[in-house]
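Participant: Let's see this in three dimensions:
(one chain, ligands or ions: 1)
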Amino acid sequence: MGALTAGTVEPVAEAGAAVATKVRLATVWLGGCSGCHMSFLDTDEWLIELAQLVDVVYSPIADVKEFPENVDIALVEGAVANEEHLELIHQVRERSKVVVSFGDCAVTGNVTAMRNPLGKASSILQYVYVEAPKLQGPVPSEPGIVPVLLDRVEPVHEVIDVDFYIPGCPPPAPRIRAALEQALTTRAVRLQGRDLNFG
Ligand code: SF4
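Facilitator: So this is what the prediction gives:
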């Protein structure tokens, strides 16, 4: 696992060099609120520039069902909270050159991990769906439809190796832009100063 302050990544293009082929960019949505993706979209007109440099090969905003092979950079929002996330994050690692923990839920667990002190997933579901006042329904269980919760929510680096991190809840758009510009053009991504802030 790389340090929080900096991660070393393989160059996608040498600094200053023209990008010969488009970078294959994936964005992944695990256990998060999608706020990190919304902040990514808040880079506004820079997205047009970015579109000249990358092909978005997998994303919640693209209708792609399978995580593809040969991804250059994968931004991962959210923590690993259920079995579907667990399977996907291993695919992401196997098929991506650079994996980025994108936002506080991915980096620390953050909001998604707030259920961890409450006990195992089964007892939380039992309370929420069966014992809570006015509900008393069955615990949802639809194999293949409702992913099974893991007993503990984990930040991404506890499950796979992560190359670097973008903190923030959500990371502000300028921070996302700065990190991606570095990832696209240099060997090392170094966020500094306020760009290291959580929350
Ligand atoms: Fe949402 Fe914040 Fe988690 Fe991003 S880090 S998914 S904005 S709660």
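
Participant: use CA for all of it now, contacts and neighbours both
Facilitator: Noted.

Participant: Quick check: the gap between S101 and V76.
Facilitator: Here S101 is placed at a distance of 5 Å from V76 (CA to CA, to the nearest Å).

Participant: H157 contacts D104, correct?
Facilitator: No: contact criterion CA atoms under 8 Å: H157 and D104 do not qualify, at 11.9 Å.

Participant: okay, the two: which has more neighbours?
Facilitator: D104 (27 against 21; other CA atoms under 10 Å).

Participant: where does the more buried one land on pLDDT?
Facilitator: For D104, the pLDDT comes out at 98.

Participant: which residues does it contact?
Facilitator: By CA atoms under 8 Å, 6 or more residues apart in numbering, the contact list for D104 reads G78, N110, I166, P167, G168, C169, P170, P171, F198, G199.

Participant: repeat that with 7 Å
Facilitator: Neighbour list for D104: N110, P167, G168, C169, F198 [criterion: CA atoms under 7 Å, 6 or more residues apart in numbering].

Participant: Please settle this for me: is the fourth one part of a helix?
Facilitator: Meaning C169. No: under DSSP: H, G, I helix; E, B strand; the rest coil, C169 sits outside any helix and is assigned coil.

Participant: By neighbour count, which of the contacts of D104 wins?
Facilitator: The residue in the contacts of D104 with the most neighbours, by other CA under 10 Å, is P167 (26 neighbours).

Participant: residues near the closest residue in space to that residue that isn't next to it in sequence, how many?
Facilitator: Distances taken as CA to CA, 6 or more residues apart in numbering place G103 nearest to P167, at 4.7 Å, with adjacent residues excluded. The number of residues packed near G103 is 31, by other CA under 10 Å.
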